[in-house]
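Chemist: From the sequence below, what's the structure:
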Amino acid sequence: MPAPRGEGGRQGRSPKLEWTHGAPPPTSEALKRSRKKVRMCPIPYYEMIRQRNRPEYWRLRVVQVAREEGIKPAARIFGVTVRKWVRRFDGSRANLRDRSRAPHRRPRRMSRARDGHIVKLKRRLPTGGAERLRREFTLPCAAKAIRRVCRAHGLIRPR
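Modeler: All right, here's what the predicted structure looks like:
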């Protein structure tokens with residue numbers, strides 16, 4: 001006969017879990033009573049479709065449900081991040097709109113002086129490309145940056 005594995009000589013089974021807290025373990029009936037019944041989405045379908053291009057109305061409803069029923073139930077109902085919209089909402093729908101993801105500043109942006117210098121050189125040598133300008137005038141920026149500046153000022157003709 002093989003040697004017993006695990007605790008208590010039970011083969012192939014995990015050890016029996018014991019309740020370690022001070023109170024007795026909850027019964028299945030107590031667990032059923034403690035669970036809240038999760039509702040379906042509280043917004044009627046026609047209203048959802050009508051406002052699909054205006055997400056701030058949808059987010060306002062998310063905030064209202066979160067304040068009535070709590071954050072976790074609202075997250076289960078809507079399937080979205082709720083805390084973000086509850087924190088952002090201060091009474092006006094303007095704060096529930098999408099915010100720009102564009103950076104607030106561009107620290108590596110080319111200076112206007114260098115921009116003007118590139119434009120002046122390109123006008124002096126209109127047949128030269130960006131690589132040639134960089135090479136002949138020993139410009140400290142990449143050819144792609146020179147091309148971008150020339151295109152922005154309308155100095156490159158499209159093919």
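Chemist: which one's the longest helix in this protein?
Modeler: With secondary structure taken from DSSP state H, the chain has its longest helix at helix 55-69.
Chemist: C-terminal to that one, what's the next element?
Modeler: helix 71-78 (DSSP states H and E).
Chemist: now the angle from that following helix to helix 55-69?
Modeler: Helix 71-78 and helix 55-69 are oriented at 130 degrees to each other (axes from the mean of the first three to the mean of the last three Cα atoms, to 10 degrees).
Chemist: Tell me which other helices or strands helix 71-78 touches.
Modeler: Helix 71-78 makes packing contacts with helix 55-69 when contacts are defined by 3 or more Cβ pairs under 8 Å, 6 or more residues apart in numbering; DSSP states H and E. Glycine gets a C-beta too; all of them are placed from N, C-alpha and C.
Chemist: which helices and strands sit right next to the helix it packs on?
Modeler: If you count contacts as 3+ Cβ pairs under 8 Å, 6+ apart, helix 55-69 packs onto helix 71-78, helix 83-88.
Chemist: average pLDDT across that helix?
Modeler: Averaging pLDDT along helix 55-69 gives 88.
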